[in-house]
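Trainee: Okay, structure incoming, though there's no sequence with it:
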C-alpha cells in the first residue's frame, strides 16, 4: 500500500495485550507518533482506554486532551491527521508507539512538522 493512502485495517486488541498496558493514576498512557517512512518522531500525546480503542478501530490517531478533558481526534480542526500503519507497546507496557502517515502541514499545534523542532543545546 502506498504511504499516501489513508486506508488502514482496524486492529483487534487482544485481552492479553490490553492487560499489559499500564495507565497512570489519571488513566492515561503516553503515545508517541512516529512517521512510518522516515522514522521522524512527530509528537507525544496522551491516550486513555477509549482513545486507544477508537484509534485502533478507526485507523486514525485519537488522543485524550488533558486540558479540555475530552477525546481529541487529530486533525479534526487543522486537517493535519495521522493514519496509523503500525502500533506497538514498550517492554513495561507504559508507553505506546504508533507509526503513522502524517497528512497535511504538520503534527505540531504550532504548525511545525514535528513537535520536537527545538534543541536543548549541543552536547559536548
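Mentor: Nice, thanks for sending it over. All of these numbers come straight from a predicted model, not from anything done at the bench. Numbers count the residues shown, from 1 in each chain.
Trainee: ok, now which ones touch residue 75?
Mentor: 60, 81, 82, 103, 104 (CB atoms under 8 Å, 6 or more residues apart in numbering). Any C-beta I mention is one placed from the backbone N, CA and C, and that applies to glycine too.
Trainee: quick one: which of those residues is most hemmed in?
Mentor: With neighbours set by other CB atoms under 10 Å, the maximum within the contacts of residue 75 is found at residue 82, which has 28 neighbours.
Trainee: Surely it and residue 102 touch.
Mentor: Yes. Checked against CB atoms under 8 Å, the pair residue 82 and residue 102 is within contact range at 5.7 Å.
Trainee: Mutual contacts of those two, please.
Mentor: Common neighbours of residue 82 and residue 102 (criterion: CB under 8 Å, 6+ apart): 33, 42.
Trainee: So, low pLDDT: which residues of the chain?
Mentor: Scanning the chain for pLDDT under 70 picks out 1-9.
Trainee: Excluding covalently adjacent residues, which one is nearest to the residue nearest the centre of it?
Mentor: Nearest to the geometric centre of the chain sits residue 33, at 4.1 Å (CA atoms, centre = their mean). Distances taken as CB to CB, 6 or more residues apart in numbering place residue 42 nearest to residue 33, at 4.6 Å, with adjacent residues excluded.
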